[in-house]
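Asker: the following comprises the amino acid sequence and a computationally predicted model.
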Amino acid sequence: MSKKKSSKKKPAPQKFYVGLDIGGSTVKSAVVDRRGRQVGRMYEVPSMVDQGYQKTFSQMAESFDLLLADNGIKKSQVGGIGMDVPAPSCDGVIWGQANLNKDWVGVNVRDAFAKSIGKKVFMTNDGSAAAYGEFALRRRKIRGMLFCAPGTGLAGGLILEDGEIYEGCNGLALEIGHVSSPFREDGKLPKCSCGKEGCVEANVSLVALRRQLAAKLKQPKYKNHALNKERLNIKAKAFKLRDLADAGDRLALEIFDHQGFVLGYALGDQAHELNPEVIVIGGGLSESSFRETFMKSIKRGFAKRALPSYQFSPLDPKQETITFEWAIGGDAGAALGVALKARDVYS
């Protein structure tokens, strides 16, 4: 008499999804399970992007291997990889050099890396990756989310209501840093690192901080400021501004107040065009102790520029129509973003 076969199905093997965030100096990696929960900790290795994309591929593979080994995950259990690049890209192809070696430009690095690692790979730019991470980590329905992160430059990203990353037809959308800004210094529009005059990034970025700090230190009221007594170049002095602002330094807070106001003003124009439900502010300032002061500056600039209907509901004057939130993903935000997107695409 033959035995009946068990009708119970074997559980599907656990799948994991890896995110690789390629920055100008490091590759950050994170892994999530099928439910979107982060597994283990984030890994970080040097990116070496200035030495060519093949060198960075070896760094990405190292980070990938370390991540799997640390969490006891087999390569066969990886259902897909997400990667982001610090440059404009479209369908896997890098369109601009930014902080990369010139050999990245015009190359389908997504397909090249997928072939070298033996896995399916999703790719977007770093601003969109961080934006998607913030969208997914909130785990609630959001009718459009705009993300911006002041840092060395000014990154941006837009996530639509259905969770789609909006990149534009050539992956060039949401260059928030390069929209026009009317704010002048000494009667002139400041020059941006892109070569144009009057970009928002020329007013809101680490590069702008250096120029603004140099001008402040020449003012008579700051003649005896501690930074004027230090034998450091302006780059080194600018790196101290965040700590000074955390400590309540007047000069530092004045500079960040100006940058916050200009950013909020620019976001007013973005609200007119995009009408997102939420605007998320990321970057290093999201973890500073003076961040609420900075947010007040942003909202003041936004109130100056945005039309009333983009601020409060006509049905309830106390109900904000667009809300501001701080980023919650931290340093792992972009890596988690592309890991979660890979899960959504390949699961």
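Answerer: Good, I have the coordinates. Everything numeric in this text was worked out from a predicted model, so none of it was measured.
Asker: could you measure from residue 101 over to residue 274?
Answerer: Distance from residue 101 to residue 274, counting by CB to CB, to the nearest Å: 33 Å. C-beta: built from backbone N, CA, C; applies to glycine.
Asker: if you could redo that for residue 139, that was the one I meant.
Answerer: In terms of CB to CB, residue 139 sits 22 Å off from residue 274.
Asker: the residue nearest to residue 170 when sequence neighbours are not counted bridge partners, please.
Answerer: Computed as CB to CB, 6 or more residues apart in numbering, the closest residue to residue 170 that is not its neighbour in sequence is residue 90, at 4.7 Å. Counting by DSSP bridges, residue 90 is bridged to residue 93.
Asker: domains for this protein, by residue range?
Answerer: For the chain, the domain assignment from automatic domain parsing gives the residue ranges 16-138+332-346, 145-327.
Asker: make JSON lines out of the ones you listed and add mean pLDDT.
Answerer: Below are these laid out as JSON lines (pLDDT from 0 to 100):
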{"stretch": "domain 16-138+332-346", "mean pLDDT": "92"}
{"stretch": "domain 145-327", "mean pLDDT": "93"}
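Asker: can I get these in a markdown table with mean neighbour count?
Answerer: Compiled in a markdown table, these are given as follows (neighbours: other CB atoms under 10 Å):
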| stretch | mean neighbour count |
| --- | --- |
| domain 16-138+332-346 | 21 |
| domain 145-327 | 18 |
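Asker: tell me where the stretch 101-250 of the chain has strands.
Answerer: Remark: strands assigned in the stretch 101-250 of the chain by DSSP state E, counting those that start in this stretch are 121-125, 145-150, 154-159.
Asker: orientation of the last one relative to strand 121-125 in degrees?
Answerer: It stands for strand 154-159. On the basis of axes from the mean of the first three to the mean of the last three CA atoms, to 10 degrees, strand 154-159 is oriented at 130 degrees to strand 121-125.
Asker: got a list of contacts for strand 154-159?
Answerer: Residues from elsewhere that reach strand 154-159, judged by CB atoms under 8 Å, 6 or more residues apart in numbering: 125-132, 134-135, 142, 144-149, 165-166, 173-177, 200-201, 204-205, 263, 274, 276, 282-283.
Asker: out of those, which sit inside helices?
Answerer: Counted as lying in helices by DSSP state H, out of those, are 126-132, 134-135, 263, 274.
Asker: can I get the residues you listed in a markdown table with distance to residue 297?
Answerer: Listed next are those as a markdown table, based on distance: CB to CB, whole Å:
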| residue | distance to residue 297 |
| --- | --- |
| 126 | 25 |
| 127 | 22 |
| 128 | 26 |
| 129 | 27 |
| 130 | 22 |
| 131 | 22 |
| 132 | 27 |
| 134 | 21 |
| 135 | 25 |
| 263 | 8 |
| 274 | 21 |
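Asker: tell me the one of those nearest residue 340?
Answerer: Set against residue 340, the nearest of the ones in helices among the contacts of strand 154-159 by CB to CB is residue 132 (6.7 Å).
Asker: hang on, the closest one packs against residue 341?
Answerer: Yes - between residue 132 and residue 341 there is a contact under CB atoms under 8 Å: 5.3 Å.
Asker: what touches both of the two?
Answerer: With contacts defined as CB under 8 Å, 6+ apart, the residues adjacent to both residue 132 and residue 341 are 124, 165.
Asker: find the nearest non-adjacent residue to residue 225, please.
Answerer: In this structure, residue 225 finds its nearest non-sequential neighbour in residue 251, 5.8 Å apart by CB to CB, 6+ apart.
Asker: what sits against that neighbour?
Answerer: Residue 251 sits in contact with 213, 216-217, 222, 225, 227, 244, where contact means CB under 8 Å, 6+ apart.
Asker: restricted to helices, list the residues you listed.
Answerer: Going by DSSP H, the helices hold 213, 216-217, 244 from the contacts of residue 251.
Asker: what would those residues look like in CSV with distance to residue 97?
Answerer: Output for these, formatted as CSV (distance: CB to CB, whole Å):
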residue, distance to residue 97
213, 28
216, 32
217, 33
244, 33
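Asker: which of the residues you listed sits closest to residue 300?
Answerer: Closest to residue 300, out of all of those and judged by CB to CB, is residue 216, at 19.9 Å.
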